[in-house]
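Q: Sequence below, structure please.
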Amino acid sequence: MKVLVTGGAGYIGSATVAQLAEAGHDVLVYDNLSKGHRDAVHPRAQLVVGDVGDRAALDAAMSAFHPEAVLHFAAWIEAGESMKEPERFFRNNTANALNLLESMLAHDVRRLVFSSTAALYGEPERTPITEDARLLPTNAYGESKLLVEQMLAWFHRIHGFSTASLRYFNAAGAAGERGERHSPETHLVPIILQVALGQRPHISIFGSDYPTPDGTCVRDYIHISDLAAAHLLALEKLASSAEPARLTYNLGNGRGYSVKEVVECARQVTGHPIPAKLEPRRPGDPAVLVASSEKAQRELGWSPRHASLEEIISSAWEFAKTQV
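A: Residues are numbered from 1 along each chain as shown. Coordinates of the predicted model:
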C-alpha cells in the first residue's frame, strides 16, 4: 500500500515506518522534525518536512503521493506539560488532527490508524483495563486524544472512514538504531538511563504514597517493535475490511511495574547505582495503568514478542550508549 505517516521521524513513528518499508509498503513520512530526526527515517521511505497544521503543505503532499492510508503519530506527548499549557496540546493534538481528517476527506483517503493513548482511561475502575472501560482522562494530554477518537467516530459514521485507534500503554525500548531522543526527555526509562550515563545526578520519583504495593505509580511497558507490529496488523485489517471499520485496541503487556521496580531493573541491566530521589506527586498521574490486550490478540493475531522488562530496558540501554 501507499501509506502516509505523520510524525514518522519520531520515536514510535520511525520504528513503524521501518517495519512498513521492510514489509514492502510505499511510505511517505510527513514530519516537521520538531521532535523527530531526519536520520531515523528508513532509507526506503520518502520524507516531506511539513506541519500537520499547515493545510496547504498537507494537501500538496496528499496530491503528490496519493496515499491509500494514513498512520497518524504527530502529537505532543508530555502529560505533565499538558497540565501547564493545555492550549498547546489541544491545538497540536486535536485541532491539527481535524486538519488532517479534512485533508484526507478532500483527497478521498479513508483509512486511518491513529496513535492514541491509555491516558484516555484516567484512574481506572478495574485493572487490567479493557477497551470498554470508562473514558475519563486526568490530564489535558489524554483529553486531547479522546477528542480525536470522538471525531473519528463521527467521520466513520458520516463519511465512511475506516479507523483503528491504538491505545498505547508505556512505550519503551529501542529497535536497533531507533530509540528515544526526546528533548527534553520526559519518559521514565531513558531518564533513568541518563542517570546511569552520568548525564543526570539522580532519578526523581514523583509520589511514593499511591495505593500500590510500594507506593509508586505502576505502568505497563510495551516495546516499540511490538507497537510497530500492531500498526501493520491494524492497517491490514482496515485494508481487508469490506465495510468501513471502527476498531479500538489496547496495546500493552498486561503486567504492571512500579517506578521503583523499573529503577531496580535498570540498576541490574546497567550495573550502575542510579540514585533515586523522592518528590511530591505530579498532577494528573493515575496510580495504576495496566492493559488488557486480549482483544488485539484475538482480532489482530498480535502478541508482544519483547515482553520482559529486562529485555525492554536492555534494548534502550544499548541505544542510549550510542548517543553519548
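Q: the helices in the stretch 101-250 of the chain, which residues?
A: 140-159, 188-196, 224-240 (DSSP state H, counting those that start in this stretch).
Q: Could I get those helices in JSON lines, plus columns for mean neighbour count, distance to residue 127 and mean pLDDT?
A: C-betas here are computed from N, CA, C, even on glycine. Output for the helices of the stretch 101-250 of the chain, formatted as JSON lines (neighbours: other C-beta atoms under 10 Å; distance: least, C-beta to C-beta, whole Å; pLDDT from 0 to 100):
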{"stretch": "helix 140-159", "mean neighbour count": "19", "distance to residue 127": "17", "mean pLDDT": "98"}
{"stretch": "helix 188-196", "mean neighbour count": "22", "distance to residue 127": "19", "mean pLDDT": "97"}
{"stretch": "helix 224-240", "mean neighbour count": "21", "distance to residue 127": "20", "mean pLDDT": "98"}
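Q: how about the residue lying closest to residue 27 once chain neighbours are set aside, what does it touch?
A: If the residues on either side of it in the chain are set aside, residue 27 comes closest to residue 45, at 4.0 Å by C-beta to C-beta, 6 or more residues apart in numbering. By C-beta atoms under 8 Å, 6 or more residues apart in numbering, the residues touching residue 45 are 5, 8, 17, 20-21, 27-29.
Q: Could I have the buried ones of the residues you listed as PyMOL selection syntax?
A: Here is the PyMOL command that selects the buried residues among those (16 or more other C-beta atoms under 10 Å):
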select buried, resi 5+8+17+20+21+27+28+29
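Q: Of the contacts of residue 45, which belong to strands?
A: Assigned to strands by DSSP state E, the following of the contacts of residue 45 qualify: 5, 27-29.
Q: I'd like to know which of those is nearest to residue 168.
A: residue 5 (15.8 Å; C-beta to C-beta).
Q: is it true that that closest one touches residue 15?
A: No - Residue 5 is beyond contact range of residue 15, at 10.9 Å (criterion: C-beta atoms under 8 Å).
Q: Show the contacting residues for residue 160.
A: Contacts of residue 160 (C-beta under 8 Å, 6+ apart): 110, 244.
Q: what sits against residue 284?
A: Residue 284 touches 79-80, 82-83, 138-141, counting by C-beta under 8 Å, 6+ apart.
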